[in-house]
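Novice: Below are the sequence and a predicted model; questions follow.
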Amino acid sequence: MNLPLDSNDKREFLDRELSLLAFNRRVLAQAQDVNLPLLERLRFLCIVSSNLDEFFEVRVASLLARGNGSGHHISERPDFEATLDRVSLECHQLVAEQYAVLNAELLPELARQGIRLLRNSDRNDAQRAWVRSYFEREVRPLLTPIGLDPSHPFPQVVNKSLNFIVALGGKDAFGRGTGIAIVKAPRVLPRIIRLPDELSPNGASFCLLSSVIHAHIAELFAGREVIAYSQFRVTRDSDMWVDEEEVKNLRQALKGELQGRQFGAAVRLEVAMNCPPQLSDFLLDQFQLDPSRLYAVSGPVNLARLSELVDQVRQPALRFAPFTPGLASAHGQDLFAAIRHQDILLHHPFQSFSTVVDFINEAANDPDVVAIKQTIYRTGMNSQLMEALIRAVHMGKEVLAVVELKARFDEEANINWADRLEHAGAQVVYGVVGLKTHAKLALVIRREEQQLRYYAHLGTGNYHPTTTRFYTDFGMLTAKRELGQEVNEVFIHLASLTKPKKFNHLWLAPFNLQSEIIKAIRNEARLARAGKPAHIIAKMNALVDESVIRALYGASRDGVKIDLIIRGACSLRPGVRGLSENIRVRSIVGRFLEHSRIYYFRNDLKHDMYLASADWMSRNLFRRIEVAFPVLDKNLKRRVLNEGLMPYLKDNYNAWELDSDGRYHRKKPRGKRAPFSAHHHLMNMLGQLG
């Protein structure tokens, strides 16, 4: 296959949206994999559903807004309408396959294991009696059906909430023929309800809240005939936007926007497969949606909620084998002394995040620590790290928190932490107007022997103890003065908005990160042209920036060997003769979510190794505060290579390779080669499996 090399020819690039959907196909393949534990397969199915929700809330919403001329959503590509058509077709196919996997594979296999998700027709008399009692006791008091007429307009429907539309016959209490009612399911109720064990002697039985309401929906309309009904769910544009140049306090402005997110423009309507056309058409009209935005599904309209079933089942054999992360070599020692002795590399989740928590906790408690500075992107609603920062303030230390208030879907948690930190007396800033602060940095300044010493933590992932159990990331603790000083300069830049100094070690977006990446790629190309071996290995979540892709194409043409490990969206076409024949792209989808960003350049045996918070996307390189930092210690470079890169290039169990046409094919062991899983290898290497 030959492609022209005209820099304006978009055929050089794969479509980002379709590439994201291809990633979800790889996740769906995990749900279809009979070699995986059954409950984990169901969890992967839920992950696909959750991913698609966000895809519609953000990516599809952006395409639709582009068509409506909404300036703050403008797409970079002119062919958004054609893209939207292709995306719609792929989404419909993907959703249909999801429900086919659920109904034909997972639910029957769960039933064989004694785990039953009962519809009303499946329930025996005793189970029906219990469900009726549950409905009367827990559900009915919270339901308020709304019969539509001029004085009862169509109600506000919250983003991704469960609702029912009901067609009614006969007359209402006032003799009028109001024909349609809406019933909103209370969000406080669980979506998965476990029946008492005595009603399920051979296993565990569950029912959906939607099934409970379906079974008794006629009882909500005394004296009326229920002709037809359907559950429905609407997905809305969830991008939050405020004019940062106009607002005086970003935190207060975003507080007001949070509520509005629940009622953004509709982008998708889901209904039951048997929903009568007149009802789905009525809903499409209410939400001002084109029929192509309708998804009629064979099952619950929110598959993501089935994760509640996974959490409630007590059968360890149907889950992944338990895993205990390893501890850092410094565990149990004086942590500051250990960091002074040598840099400490942490590889999560294979090594425990507790070392990072200990680092901030010890800093908060240590009387010799005078200041703590930290970026906060995602931490969760309950965070030991944030509590430690608040404690540090109370103990008289200077605390600077750079809180990113616009971390998508974590805005509320971050606003709450900003409130608490500020109330405690910490200095709180919200990054830079117009840019997200995505860098992962913490700095401790300690007084030692009449001078101040820097201790820094730099990472590829968030300070979120929960996600660190499931996301792969690297972090480094260092007392190297040259790194600590540059980290401090980043914090000064973020707080004061002064121009950052020229760094010798850190690459900082939006200033020099992109140019340094391009420079390193071109240096490998120069070495290749000089006849020297040249090799680039990069691992990240997404690769879509066209300037970086073009630099990689140029390096490939010059003979550089390029291995890319890209979890999600990839717009680079590998393996095209005359363009990218020396580039190989693979994606690992397995037990853990790949999240680390690693840039390796052979550089004439100097083996330059950088860890970073940034993917190679335009938003990360130009519209965010991001940091890439070098691994300077030779032993730690070797560890990153042997743990973060080589096992993933060797993987033939969870690996998929990208073809030049944008399709992925799954790698399989060849010949006598045994299956090799990078995740399994690292769990055995760094922690305790089973």
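Specialist: Yep, it's here.
Novice: Show the residue spans covered by the strands in the stretch 101-250 of the chain.
Specialist: 115-117, 146-147, 163-169, 180-184, 192-194, 204-208, 225-236 (DSSP state E, counting those that start in this stretch).
Novice: Make a markdown table out of those and add distance to F263, mean neighbour count and mean pLDDT.
Specialist: No exception for glycine: its C-beta is placed from N, CA and C like everyone else's. Listed next are those as a markdown table, based on distance: least, CB to CB, whole Å; neighbours: other CB atoms under 10 Å; pLDDT from 0 to 100:
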| stretch | distance to F263 | mean neighbour count | mean pLDDT |
| --- | --- | --- | --- |
| strand 115-117 | 31 | 22 | 97 |
| strand 146-147 | 16 | 16 | 92 |
| strand 163-169 | 14 | 20 | 96 |
| strand 180-184 | 13 | 20 | 96 |
| strand 192-194 | 26 | 19 | 97 |
| strand 204-208 | 25 | 22 | 96 |
| strand 225-236 | 7 | 20 | 96 |
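Novice: would you list those in a markdown table and tack on distance to R268?
Specialist: As requested, the strands of the stretch 101-250 of the chain are exported to a markdown table (distance: least, CB to CB, whole Å):
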| stretch | distance to R268 |
| --- | --- |
| strand 115-117 | 24 |
| strand 146-147 | 22 |
| strand 163-169 | 14 |
| strand 180-184 | 18 |
| strand 192-194 | 23 |
| strand 204-208 | 20 |
| strand 225-236 | 4 |
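Novice: Looking at the ones you listed, spot the one closest to E362.
Specialist: Closest approach to E362 among the strands of the stretch 101-250 of the chain (CB to CB): strand 192-194, 41.3 Å.
Novice: And the contacts of that closest one?
Specialist: Outside strand 192-194, the residues within contact range by CB atoms under 8 Å, 6 or more residues apart in numbering are 134, 204-209, 212, 305-306, 308-309, 312.
Novice: Parallel or antiparallel, which strands does it pair with?
Specialist: strand 204-208 (antiparallel) (DSSP bridges).
Novice: next one: phi and psi at S62?
Specialist: Dihedral pair for S62: phi -70, psi -40, per degrees, to the nearest 10.
Novice: Now for it, how many residues are close by?
Specialist: By other CB atoms under 10 Å, 19 other residues sit near S62.
Novice: So it is in contact with A265, correct?
Specialist: No: look at S62 against A265 with CB atoms under 8 Å: they stay out of range, at 11.2 Å.
Novice: Return the distance of the residue lying closest to D558 once chain neighbours are set aside relative to P510.
Specialist: Distance criterion CB to CB, 6 or more residues apart in numbering; nearest residue to D558, sequence neighbours excluded, is A525 at 4.1 Å. Separation of A525 from P510 (CB to CB, to the nearest Å) stands at 24 Å.
Novice: Pick out whichever of the two has more residues nearby.
Specialist: For A525 versus P510, the count of surrounding residues by other CB under 10 Å is larger for A525: 20 against 17.
Novice: Return the distance of S587 relative to Y648.
Specialist: On the measure of CB to CB, S587 and Y648 end up 10 Å apart.
Novice: intersection of neighbour lists for those two?
Specialist: I565, A655.
Novice: what's the pLDDT at G223?
Specialist: pLDDT recorded at G223 is 87.
Novice: Wait, it touches G169, no?
Specialist: No: in this structure, G223 is not within contact of G169 by CB under 8 Å, at 10.6 Å.
Novice: Centre of the chain to stretch 364-382, how far?
Specialist: 24 Å (CA atoms, centre = their mean, to the nearest Å).
Novice: Find the helix or strand that the residue nearest to D558 is a member of.
Specialist: Using DSSP states H and E, A525 sits in helix 513-529.
Novice: Contacts for that helix next, please.
Specialist: With CB under 8 Å, 6+ apart as the criterion, helix 513-529 contacts 507, 533-536, 545, 547-548, 551-552, 554-555, 558-560, 599, 601-604, 608, 612, 614, 616, 620-622, 626-628.
Novice: just checking, which of these belong to strands?
Specialist: W507, H535, I536, Y599, F601, D608, A612, E626, V627, A628 (DSSP state E).
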